[in-house]
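> Give me coordinates for this.
(chains A and B)
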Amino acid sequence: MRELFRDAEHLFRLALVFGALLVVFLVARAVLTPEGFGTYGHYRAGALVDARARPLSFAGRAACLDCHEEIDAVKKSGKHAGLGCEACHGPLEAHVADPATVIPQKPDPKTLCLVCHMENLAKPKGFPQIDPKNHAGDDNCIKCHEAHSPLPVQE
Amino acid sequence: MEVSRREFLERSGKYILLFGAATKAWDFILAGTPETAPGYDVTRHWWAFYIDIEKCIGCGNCVRACKAENGVLREPFYFRTWVERYHIPPPDLANLRADRLPVVDSPNGGYDGFPERFRDSDGSKSFFVPKMCNHCTDSPCTQVCPVGATFDSPDGVVLVDQTYCLGCRYCVQACPYGCRYIDPRTRTVDKCTLCYHRITKGLTTACCESCPTGARLLGDLKDPKDPLHELLRTQKVQVLKPYLATGAKLSYKGLDGAVR
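Presented below is the predicted three-dimensional model:
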């Protein structure tokens, strides 16, 4: 046996060097690979958690209707039934989280309604559009229209 | 001090092995319990999006809502979603040209709506096209990332790991839809996350929430009851740049051939 390995000492040394390099590689990989890497693919699984961590701004219609169900009853019959509350009232998660102190501002109909209903050739045909000067002069929209249920026009 | 080679190798070998074990143990301590989203299983969803161009009125609600929800800078004008207005002139009979090259504008990305232009009808066609990340299945942007910072999540959303991004802009160039930008605050890339923080909580995206005409719809293709299935089955839909084979999951209804 001894005879067999007599001239192979250098091979053992080489194997030792390779072994040491392997250990260095394994240690480096253990140290440098972030936690969760490869759980779903070639990326850090924690990135999904990071993306999820953002706080909300928009509460969602369901949260609004938890308290304001009377508005829903009004909206249901009108043309604005499909609109989310925050489409007009803006992001209100802060109000949902703390309804007593965060009081939302009432939007100004004279500007708000025109965000959607200002006449524009590129808007789909059939979408109600007006030229505010010809339509109502300087009158406020809510003088004739109920904002939550705009049709029919109030006398 | 004399150290024989054998002694040296023994000592250093011991040190390296112990160091490795210690790091592993330290990692284990640091990791704690892995965080999970309560009630959300990534393997049970596959998100897609649907935009009905014939319903878009160009109000810019989605653009404003997206910026508010996701903390996107108001200025400079970078967007996760924006609205373009296409204006396609009538065939040019003087020169016998029917190319009808479109004029596209998107003032402030549609943030302030669209000022009156092309007011009088001259036989031309105008319409709005909301744009956003297509959350492609074979995303060019994830393929070019040199550090694996951007990826397709198991639930079909293209996300960016901000802690990995180098800000090299490869993905900004690679995206055929122009949906990425470098956030000047972090100098890393930013894009639509499909409101990942909302959809994983059972809410819809901020743009869908604020769209007054229901032109936008978020859908979960792994949910057989999702209304998106019915729409994809019954409506004529198209994705942007289908010839690029990006596997886009954003379907447009009523998409004009002039839209790029």
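
> And the worst-scoring helix or strand of chain A on mean pLDDT, what's buried?
Scoring the helices and strands of chain A by mean pLDDT, DSSP states H and E places helix A:132-136 at the bottom, with a mean of 86. For helix A:132-136, burial by neighbour count (16 or more other Cβ atoms under 10 Å in any protein chain shown) applies to A:Pro132, A:Ala136. C-beta: built from backbone N, CA, C; applies to glycine.

> can you check stretch B:192-202 too?
Under 16+ other Cβ under 10 Å, the buried positions of stretch B:192-202 are B:Cys192, B:Thr193, B:Leu194, B:Cys195, B:Tyr196, B:His197, B:Arg198, B:Ile199, B:Thr200.

> The second one: which element?
Read it as B:Thr193. For B:Thr193, there is no host helix or strand (DSSP states H and E).

> Packing partners of the particular helix or strand that has B:Val104 in it?
Taking DSSP H and E as the definition, B:Val104 sits inside strand B:103-105. Other elements packing on strand B:103-105 under the criterion 3 or more Cβ pairs under 8 Å, 6 or more residues apart in numbering or on different chains; DSSP states H and E are strand B:81-88.

> nearest residue to the most centrally placed residue in chain A other than its sequence neighbours?
For chain A, the residue nearest the mean C-alpha position is A:Leu56 (7.5 Å; Cα atoms, centre = their mean). Once flanking residues are discounted, A:Leu56 sits nearest to A:Glu93: 4.4 Å by Cβ to Cβ, 6 or more residues apart in numbering or on different chains.

> how many neighbours does that neighbour have?
17 (other Cβ atoms under 10 Å in any protein chain shown).

> Confirm for me that it is in contact with A:Arg54.
No - checked against Cβ atoms under 8 Å, the pair A:Glu93 and A:Arg54 is beyond contact range at 11.4 Å.

> tell me the contacts of residue 136?
I went with chain A, as the question did not name one. Contact partners of A:Ala136, counting by Cβ atoms under 8 Å, 6 or more residues apart in numbering or on different chains, are A:Ile130, A:Lys143, A:Cys144.

> hmm, I had chain B in mind actually
If you count contacts by Cβ under 8 Å, 6+ apart, then B:Cys136 has B:Asp152, B:Val158, B:Thr246, B:Gly247, B:Ala248, B:Lys249 around it.

> With B:Arg198 instead?
By Cβ under 8 Å, 6+ apart, the neighbours of B:Arg198 are A:Leu56, A:Phe58, A:Gly60, B:Glu69, B:Thr204, B:Thr205, B:Ala206.

> In strands, which of the residues you listed appear?
Members of the contacts of B:Arg198 lying in strands (criterion: DSSP state E): none.

> Of those, which qualify as buried by neighbour count?
Judged by 16+ other Cβ under 10 Å, buried ones among the contacts of B:Arg198: A:Leu56, A:Phe58, A:Gly60, B:Glu69, B:Thr204, B:Thr205, B:Ala206.

> The longest helix anywhere in chain A - contacts with which helices or strands?
Secondary structure assigned by DSSP state H gives helix A:9-32 as the longest helix of chain A. When contacts are defined as 3+ Cβ pairs under 8 Å, 6+ apart, helix A:9-32 packs onto helix B:5-31.

> need the next SSE after the helix it packs on, C-terminal direction.
strand B:47-52.

> That following strand - which strands sit beside it in the sheet, and in what orientation?
strand B:216-220 (antiparallel), strand B:250-253 (parallel) (DSSP bridges).

> and that strand, how far from the chain's centre?
Strand B:47-52 sits 12 Å away from the centroid of its parent chain (Cα atoms, centre = their mean, to the nearest Å).

> now the angle from it to strand B:81-88?
Relative orientation of strand B:47-52 and strand B:81-88, computed by axes from the mean of the first three to the mean of the last three Cα atoms, to 10 degrees: 40 degrees.

> Could I get the CA-only coordinates of strand B:47-52 as CSV?
The C-alpha trace of strand B:47-52 is given here as CSV (Å, rounded to 0.1, in the frame of the first residue of the first chain):
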residue,chain,number,x,y,z
TRP,B,47,-52.5,38.7,-11.6
ALA,B,48,-53.4,40.3,-14.9
PHE,B,49,-54.8,43.6,-16.0
TYR,B,50,-57.5,44.8,-18.5
ILE,B,51,-58.0,48.3,-19.9
ASP,B,52,-61.0,49.3,-21.9
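
> So what does the nearest residue to B:Leu244 once chain neighbours are set aside have for phi and psi?
Computed as Cβ to Cβ, 6+ apart, the closest residue to B:Leu244 that is not its neighbour in sequence is B:Pro176, at 5.4 Å. Here the main-chain torsion angles of B:Pro176 (degrees, to the nearest 10) amount to phi -70, psi -10.

> For B:Val144, see how far away B:Pro176 is.
12 Å (Cβ to Cβ, to the nearest Å).

> just to revisit the earlier point, mind checking the strands paired with strand B:47-52 for the one nearest to B:Ile53?
Closest to B:Ile53 of the strands paired with strand B:47-52, according to Cβ to Cβ: strand B:250-253, at 5.8 Å.

> residues in contact with that closest one?
Contacts for strand B:250-253 (Cβ under 8 Å, 6+ apart): B:48-54, B:129, B:132-135, B:231-232, B:235-240, B:259.

> do the same with stretch B:185-193
So stretch B:185-193 is contacted by A:51, B:66, B:70, B:72-73, B:78, B:80-81, B:132-133, B:135, B:141, B:149-150, B:157-160, B:162, B:165-167, B:169, B:171-172, B:179-183 (Cβ under 8 Å, 6+ apart).
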